[in-house]
Structures are given as C-alpha cells and as structure tokens.
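Novice: Output the structure for:
(chains A and B)
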Protein chains: 2
Amino acid sequence: MNLKEYEDIKAECLEYLNEAGIVLSEVEEELFEVADFGLGQIRELGLQLVVYVNTDRYCAKELILLPRQTCPEHRHPPVNGTLGKEETFRCRKGTVYLYVEGSRVDKPKAIIPNQYEKYLTVWNEVILLPGEQFTMPPNTLHWFQAGDQGAIVSEFSSTSTDENDIFTDTRINRIPSITK
Amino acid sequence: MNLKEYEDIKAECLEYLNEAGIVLSEVEEELFEVADFGLGQIRELGLQLVVYVNTDRYCAKELILLPRQTCPEHRHPPVNGTLGKEETFRCRKGTVYLYVEGSRVDKPKAIIPNQYEKYLTVWNEVILLPGEQFTMPPNTLHWFQAGDQGAIVSEFSSTSTDENDIFTDTRINRIPSITK
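Specialist: Just a heads-up that it's a prediction; the model follows:
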C-alpha cells in the first residue's frame, strides 16, 4: 500500500463516519490506521481503525470496512497471564457478515476473496445490522466482511494488543500498517 | 417519577439518539433506563442509559442527558478486590460539562440545580464537544451536566456495578430507577 492508497481509503472512511454522524478529533484523524496485513490487497483484505481508548483494563475502537472488504481470520490468545481479548462488535452502519466458531452455514453471504478460502476455517455466520451486536469469547477464531455498502463497527473489548493476534493466514504481518 | 414521565423522557431520548444516527435494538429500547436517583427531580437530577454490554471485563453504555440535566456527584469504589471502575466519556452529541477532582474552575459553565451546590465538591471543569473524551481514574469523584441542547455520551469502561456507586448526596438511592 502506498501513501496515495492510504490517503484515498482514509478519505472514503472519513466520509462513511461523517454519514454516520461519528465525529473524530484531529489527533484521531491524524492517527487513522489502514491495515493491509502485509498482503498488498487492501481493498479485498484489510481493515481501517480508530482507537478511542486502550487502557490496561478496556478498549474501544471504531472499525471501518470498505464494501466487501474482509478482515482475515484470527484469534486473540492469552497474553501476560490474562485470558485473551474478549470483544463485542456492534454494527453502526451497513451490514457485517461475521464468521465465528460453530455450525457451518450452508450458503455464506460473504463473497470469498479470490483464492482465499484456504485461510478461512470458521463458518458459523452471524449477520449484524445497525443496532445489532455479538460478543466473541477470548481466543476463538473469527473473521468478517462488510456488505456492498461498507460498514462501521464499534468494538468494545478488554485491553487490545494487536501485535499478539494469531492469523490463520500465516503470511500475515499485523504490525506494518501505514498510519500516515 | 411516574410511568408517564418515564415514557415522555424515553421518547425524547430516543429522538436524540435518532438524530445522532444511533440505532438501538428492540430489547435495548424496552430496557431503556431512566434514573432519577430517588430524588424525584428527574429533569434536573437524573440520567438516561442504554447498556450495550457489561461482561466481567468491560462495559459499554450510551448515556443520554436532557438539556441541563445533571448526573449527581459520585465515585466508583474498589469492588471484590479489583480497583474501582475506570471509565471514559466520549461526547457524541451536544455539550457536556464534566467536573472531576483537581483545580477549581473560576466560573463553572454548569448551572447548579437549586439548593444543590452542597452536594457538589469537585469543580475541575472539563468541557466535552462531539469527538472529545476524558478518562476518569478509578474511585475519583465526578459529576456532569449537559448543555442547553442535551447530550449523548458513549461510556467505555471496566465492568460496571452501579449498585456500588457512592454518591456525595447521601439521600441518593441508585437502584430503584424505572426501566419500563
């Protein structure tokens, strides 16, 4: 991802947030994160984030997804003697197709990115519309995709340590996302 | 507070939320909480709440305030061997005048409810506009009031146990608020 791509995607996401009536501070806009997971296919496999607060007890973020963009499958393992991160996704705008451990859905609504099915192992489908939410237990696999209009998800959770996330796609490198 | 007051205030708050683009589920609307703290002056001293999630690790709520409504001064003491509740207030709509421990402001922007100054002991003023937030350390006193247009505040925190809150106004009884 180059700086032009970063700036374009950031601008699109800021417009989504604006449409949803979600206001960011100048610092939050400056630190806006576009995560391509080192895969170089940001519009298919990626995620945009604004971290509101992340203390040693809790965390709150806004996640913004482009149309049909997929956040790759991962889990949050135990860290420093605590359970892994527990998190609640609350849909604010758009539709989110969330996949978690459990019974496999027959016909998933997500559109699998080209040649990416081998990196997706959980298929219990949860569809979230605005006002709907789902809480993921610690250390359980999940991945998600926005519908055709993109999506905004408020994430409420225990402390976030993204650098410890374990991805099913072992090519993924979570850290080197561009923030400016 | 009688049921008519509850229904009227709930309707006003749902309209605020609607204006802010915040969508609730049917269950959340049903459980909408109007807390008058047992004081019987709901429009002056009260708070409306929607709890999105409250696990044994974190909590997220939406707080809705009527114009110039004040949430009385309180703190969240240590509970069950853990530190008291730590919480972040993020203003989503309107203006919030928040008062926390520290230097006393010369001319507070809040309008003190009639004969209520004796129950307010902290006067370090933090003004929050949409997109601005403030994190309160555990077990520290705070109170807050909305500006002339009311306000919506997203609260991100560690686990919430409202029944343990300690109010400066010892007449207050936090629990018997009407939820329907």
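Novice: In the longest helix along chain A, which residues are buried?
Specialist: Longest helix in chain A by number of residues (criterion: DSSP state H): helix A:3-19. Residues A:5-6, A:9-10, A:12-14, A:16-17 are the ones in helix A:3-19 that count as buried (16 or more other CB atoms under 10 Å in any protein chain shown). Where C-beta positions appear, they are placed from N, C-alpha and C, glycine not excepted.
Novice: Also stretch A:132-150?
Specialist: A:132-134, A:136, A:138, A:141-147, A:150.
Novice: Let me have the buried residues of helix A:3-19 in TSV, extended by pLDDT and distance to chain B.
Specialist: Formatted as TSV, the buried residues of helix A:3-19 follow (pLDDT from 0 to 100; distance: CB to the nearest CB, whole Å):
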residue	pLDDT	distance to chain B
A:5	95	26
A:6	96	22
A:9	98	20
A:10	98	16
A:12	98	18
A:13	98	15
A:14	98	12
A:16	97	12
A:17	98	10
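Novice: Now flag whichever of these is closest to residue A:48.
Specialist: residue A:13 (4.8 Å; CB to CB).
Novice: what helices or strands is the longest strand anywhere in chain A leaning on?
Specialist: Longest strand in chain A, counting residues (DSSP state E): strand A:142-157. In terms of contacts (3 or more CB pairs under 8 Å, 6 or more residues apart in numbering or on different chains; DSSP states H and E), strand A:142-157 is packed against helix A:3-19, strand A:59-65, strand A:70-75, strand A:87-100, strand B:59-65.
Novice: could you dump these to CSV with distance to residue A:26?
Specialist: Converted to CSV, these look like this (distance: least, CB to CB, whole Å):
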stretch, distance to residue A:26
helix A:3-19, 12
strand A:59-65, 16
strand A:70-75, 26
strand A:87-100, 21
strand B:59-65, 24
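Novice: Ok, which of these comes nearest residue B:86?
Specialist: Each of the helices and strands packed on strand A:142-157 has some distance to residue B:86 by CB to CB; the shortest is strand B:59-65, at 10.3 Å.
Novice: isn't residue A:151 right next to residue A:98, touching?
Specialist: No: counting by CB atoms under 8 Å, residue A:151 stays clear of residue A:98, with 10.2 Å between them.
Novice: Between the two, point out the one with more neighbours.
Specialist: residue A:151 (29 against 22; other CB atoms under 10 Å in any protein chain shown).
Novice: and that one, what does it touch?
Specialist: Neighbour list for residue A:151: A:64-65, A:91-96 [criterion: CB atoms under 8 Å, 6 or more residues apart in numbering or on different chains].
Novice: Output the residues you listed in TSV; the columns should cover distance to residue A:32 and neighbour count.
Specialist: Formatted as TSV, those follow (distance: CB to CB, whole Å; neighbours: other CB atoms under 10 Å in any protein chain shown):
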residue	distance to residue A:32	neighbour count
A:64	9	30
A:65	14	26
A:91	20	23
A:92	17	24
A:93	17	24
A:94	18	21
A:95	23	19
A:96	20	29
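Novice: buried residues in the helix or strand following the longest helix of chain A?
Specialist: In the C-terminal direction, the helix or strand that comes right after helix A:3-19 (DSSP states H and E) is helix A:26-30. Across helix A:26-30, burial judged by 16+ other CB under 10 Å covers residue A:28.
Novice: Now do helix A:26-30: everything it contacts.
Specialist: A:14, A:50, A:52, A:180, B:131.
Novice: thinking residue A:38 is in contact with residue A:171, fair?
Specialist: Yes: at 7.1 Å, residue A:38 counts as touching residue A:171 under the criterion of CB under 8 Å.
Novice: Between these two, point out the one with more neighbours.
Specialist: Higher neighbour count among residue A:38 and residue A:171: residue A:38, with 16 against 10, using other CB under 10 Å.
Novice: Please list all residues in contact with the more buried one.
Specialist: A:171-174, A:176.
Novice: and chain B, which of the contacts of residue A:151 contact it?
Specialist: A:92-93 (CB under 8 Å from any CB of the partner chain).
Novice: so which pair among the contacts of residue A:151 is furthest apart in space?
Specialist: Using CB to CB, the pair of those lying farthest apart is A:64 and A:95, separated by 13.7 Å.
Novice: next one: stretch A:3-14 to chain centre, how far?
Specialist: Its chain's average C-alpha position is 16 Å from that of stretch A:3-14, according to CA atoms, centre = their mean, to the nearest Å.
Novice: I'd like to know which residues of chain A are adjacent to chain B.
Specialist: So far as CB under 8 Å from any CB goes, chain A lies against chain B at A:20-25, A:28, A:52-53, A:55, A:57-60, A:83, A:86, A:88, A:90, A:92-93, A:130-133, A:135, A:154, A:156-158.
Novice: one more time with 7 Å
Specialist: By the rule CB under 7 Å from any CB of the partner chain, the part of chain A lying against chain B is A:20-21, A:23-25, A:52-53, A:55, A:57-58, A:60, A:86, A:88, A:90, A:130-133, A:135, A:156-158.
Novice: Now the buried members of those residues.
Specialist: So, by 16+ other CB under 10 Å, the buried ones in the residues of chain A next to chain B are A:20-21, A:23-25, A:52-53, A:55, A:57-58, A:60, A:86, A:88, A:90, A:130-133, A:156-158.
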